[in-house]
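Asker: Fold the following and give me the result.
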Amino acid sequence: MSLTRPFISAFALTAETTCSVAPDSLGGSSAPTVGRSILGVKVDVAAVEAKGFRASRLIGAAVFNEHSTEIGTVNDLIVSGDGRVNLAIVDVGGFLGIDAKHVVIPSHLFQVGADEKVLLPGATENELKAMPAFHFDN
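Answerer: This next block holds a predicted model:
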């Protein structure tokens, strides 16, 4: 049997093994796998520039219409299985969050206004209040 020794480079651990043993002595071609090990790891470093809006800044943000009238507050964001924010839960009515009604608004209807205000053009507080309530399952 002849084996070459593993060597370590700066970025990966690489092993090369050469066996010169007759197949019959290893149990033929149907020999079972006896174990596994990861012999190498490679890390690539990349810079990322995040563009968009932080969820922590959107949740709790006031929602305005195009006339700068406050019509609600973003309560939560719903992320779909593919990682997209599809819906926003907006609280409407109530006082300081007490007795507020949750309504669901598709995220594509929102716009970003001056000073990064959350806008829902064409909406009024009364229209949002008239929408069916959204209820969280848990």
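Asker: So Ala123, which state does it fall into?
Answerer: coil (DSSP: H, G, I helix; E, B strand; the rest coil).
Asker: hang on, I meant Ile78
Answerer: Quick answer, by three-state DSSP: Ile78 is strand.
Asker: Give me the neighbour count for it.
Answerer: Residues lying near Ile78 (other C-beta atoms under 10 Å) number 15. C-betas here are computed from N, CA, C, even on glycine.
Asker: Repeat that for the one 10 residues further on.
Answerer: Other residues lying near Ala88 total 24 when counted by other C-beta under 10 Å.
Asker: what about the residue nearest the centre of the chain, which helix or strand?
Answerer: By C-alpha atoms, centre = their mean, the chain has its centre lying nearest to Gly83, at 4.7 Å. If you go by DSSP states H and E, Gly83 is not part of any helix or strand.
Asker: Then the one 3 residues further on?
Answerer: Asn86 is part of strand 85-92 when elements are defined by DSSP H and E.
Asker: helices or strands up against the following helix or strand past that strand?
Answerer: The helix or strand immediately downstream of strand 85-92 is strand 101-106, counting by DSSP H and E. Counting contacts by 3 or more C-beta pairs under 8 Å, 6 or more residues apart in numbering; DSSP states H and E, strand 101-106 packs against strand 70-79, strand 85-92, helix 125-130.
Asker: so of these, which one's packed in deepest?
Answerer: Mean neighbours per residue, mean count of other C-beta atoms under 10 Å, is largest over the helices and strands packed on strand 101-106 for strand 85-92, with a mean of 20.
Asker: so what strands line up beside that strand?
Answerer: If you go by DSSP bridges, strand 85-92 pairs up with strand 70-79 (antiparallel), strand 101-106 (antiparallel).
Asker: would Arg57 count as being in a strand?
Answerer: No: under three-state DSSP, Arg57 falls outside any strand and is assigned helix.
Asker: how near is it to Asp44?
Answerer: Taking C-beta to C-beta, to the nearest Å as the measure, Arg57 falls 31 Å from Asp44.
Asker: who's more crowded, those two?
Answerer: Remark: of Arg57 and Asp44, Arg57 carries more neighbours, 11 against 5, as counted by other C-beta under 10 Å.
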